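Engineer: Test case, fold it:
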Amino acid sequence: MMPGHGHRRHATQRPGGFGFPVATVVKSRGSTGSDKGWNLPLANLQAGALAMLIALHVLGPSLSGSVPTIAACAFILVFGLPHGALDLEIVKRERRTGRFAMVALLLCYLGLAGAMAAIWQLAPVIALAIFLIVAIVHFAEDWPELGSKFLAQGMAIALLSAPTLFHMAELRLLFVALSGHSDAALVADFLLLLAPTSLAVAGVAISTLWRTGSHGQAAAAALTIAGMVLLPPVIGFALFFCLYHSPRHLGAALARVAWARSARRVILPITLAALGIAVALFAGETRADLSAEVVAASFMTLSLLTVPHMLIPFVVDALAARPVGRIVRRGRTT
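Structural biologist: As a prediction, this is how the structure comes out:
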């Protein structure tokens, strides 16, 4: 761990992804005050984007059409995926991992992604449920300032269930398009059952953030929920994923590796490879229309990368805790 990067673990949180210190991810240099974890320019950008999109949706052409949906998927892939591109680079840098161990971890990463792809092919509705559960666990890591797993997980569930309030039909169609099976609509029905309680918990969480001095975080949380309630599901999710979730985690990762080198040698190639996966999935889709194919390819790609992004840290920690973990800790085989 490099000194001076300010990524010390908090006792009440599990670090996001590869030990990402999400509580200190994007705090502006030289900022002061008690607000933690979210800087003002990004919060303002999120608020401005939300206001503009709501105005367009209410006063202008609907954002539920094919073109806005395809554009939102493109934003998710281009601006959302890079935040996980430094996973293995962080392990290599901080664990001093050797070539053999890195190859083993890469194979594990690919194996987990391949397993998720197989589940999508064999049992797509189950794959959708797994994806949502993993997303809840992952997005709960965005709120470490709460100091409560219950409130953080409530926020994450509220985020995914919020569209059921005003966009239930669209959410059902989205899940059916993603899985290719009408039974996937039942997943949306289940989220509807979770919505009242989870949104109430989210309200408590936002109030807690405000009372404890995390005003920027409280505003970001409120904007996130508002976007998911008021905007079409894919549009609201793109707003959250690209303007909140990804910048936090990418900022944490970049604080731990050399920015210029990582951008040139790691982030761009891996992001392009992920886009290649999306293109390949899109080419193999036979959905009813173009937007359904784009949605399916985009969110399947997201799930293929999210599962190893979440699980590989546990693999690394497990290896480090065993005698064979010397491979990971010392970067050599014994």
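Engineer: what's around the residue nearest to Ile76 when sequence neighbours are not counted, how many residues?
Structural biologist: Closest residue to Ile76 apart from its sequence neighbours, by C-beta to C-beta, 6 or more residues apart in numbering: Ala238 at 5.2 Å. From N, CA and C alone the C-beta is placed, and that goes for glycine too. Counted with other C-beta atoms under 10 Å, the neighbours of Ala238 add up to 27.
Engineer: what's the helix or strand for Ala238?
Structural biologist: Applying DSSP states H and E as the criterion places Ala238 in helix 233-240.
Engineer: And for that helix, what's in contact with it?
Structural biologist: For helix 233-240, the external contacting residues (C-beta atoms under 8 Å, 6 or more residues apart in numbering) are 46, 49-50, 53, 57, 63, 68-69, 72-73, 75-76, 80, 159, 162-163, 167, 170-171, 174, 224, 227-231, 295.
Engineer: Touching, Asp87 and Ile312? I think so.
Structural biologist: Yes - counting by C-beta atoms under 8 Å, Asp87 does reach Ile312; the two are 6.3 Å apart.
Engineer: Which stretches in the stretch 51-200 of the chain count as strands?
Structural biologist: Listed in chain order, the stretch 51-200 of the chain contains no strands at all (DSSP state E, counting those that start in this stretch).
Engineer: how about Leu192, what does it touch?
Structural biologist: The contact partners of Leu192, by C-beta under 8 Å, 6+ apart, come to 161, 164, 168.
Engineer: My understanding was that Phe75 contacts Cys242; is that so?
Structural biologist: Yes - Phe75 is within contact range of Cys242, at 5.3 Å (criterion: C-beta under 8 Å).
Engineer: between these two, which one's more packed in?
Structural biologist: Cys242 (21 against 18).
Engineer: show me the contacts for that one.
Structural biologist: Contacts for Cys242 (C-beta under 8 Å, 6+ apart) come out as 75-76, 79-80.
Engineer: Need the pLDDT of it.
Structural biologist: At Cys242, the predicted lDDT confidence score is 87.
Engineer: That one - that's part of a helix, no?
Structural biologist: Yes - checked against DSSP: H, G, I helix; E, B strand; the rest coil, Cys242 lies within a helix.
Engineer: Please identify which of Asp87 and Ile312 sits among more neighbours.
Structural biologist: Using other C-beta under 10 Å as the criterion, Asp87 and Ile312 rank with Asp87 on top: 24 against 21.
Engineer: list the contacts for Thr271?
Structural biologist: By C-beta under 8 Å, 6+ apart, the contact list for Thr271 reads 78, 81-82, 85.
Engineer: swap the cut-off to 10 Å and go again
Structural biologist: 77-85 (C-beta atoms under 10 Å, 6 or more residues apart in numbering).
Engineer: any idea how far His249 is from it?
Structural biologist: Distance, Thr271 to His249, using C-beta to C-beta, to the nearest Å: 14 Å.
Engineer: Which neighbours do those two have in common?
Structural biologist: Counting by C-beta under 10 Å, 6+ apart, the common neighbours of Thr271 and His249 are 80, 82-84.
Engineer: Any of those residues buried? List them.
Structural biologist: 80, 82-84 (16 or more other C-beta atoms under 10 Å).
Engineer: Serialize the residues you listed to TSV and add fields for pLDDT and distance to Ala135.
Structural biologist: Formatted as TSV, those follow (pLDDT from 0 to 100; distance: C-beta to C-beta, whole Å):
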residue	pLDDT	distance to Ala135
Gly80	80	12
Pro82	76	18
His83	73	14
Gly84	73	13
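Engineer: Mind putting those residues into JSON lines with distance to Asp142?
Structural biologist: Below are these laid out as JSON lines (distance: C-beta to C-beta, whole Å):
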{"residue": "Gly80", "distance to Asp142": "13"}
{"residue": "Pro82", "distance to Asp142": "17"}
{"residue": "His83", "distance to Asp142": "11"}
{"residue": "Gly84", "distance to Asp142": "14"}
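Engineer: Among the residues you listed, list the two that are farthest apart in space.
Structural biologist: Across these, the longest distance by C-beta to C-beta is 9.0 Å; it joins Gly80 and Gly84.
Engineer: returning to that earlier point: from the shared contacts of Thr271 and His249, which land in helices?
Structural biologist: If you go by DSSP state H, these have nothing in helices.
Engineer: Which one of the residues you listed is nearest to Ala278?
Structural biologist: Taking C-beta to C-beta as the measure, Ala278 sits nearest to Gly80 out of the shared contacts of Thr271 and His249, at 11.4 Å.
Engineer: so that closest one makes contact with Ala278?
Structural biologist: No - using C-beta atoms under 10 Å, Gly80 is not in contact with Ala278, being 11.4 Å away.
Engineer: joint contacts of the two?
Structural biologist: Common neighbours of Gly80 and Ala278 (criterion: C-beta under 10 Å, 6+ apart): 73, 298, 302, 305.
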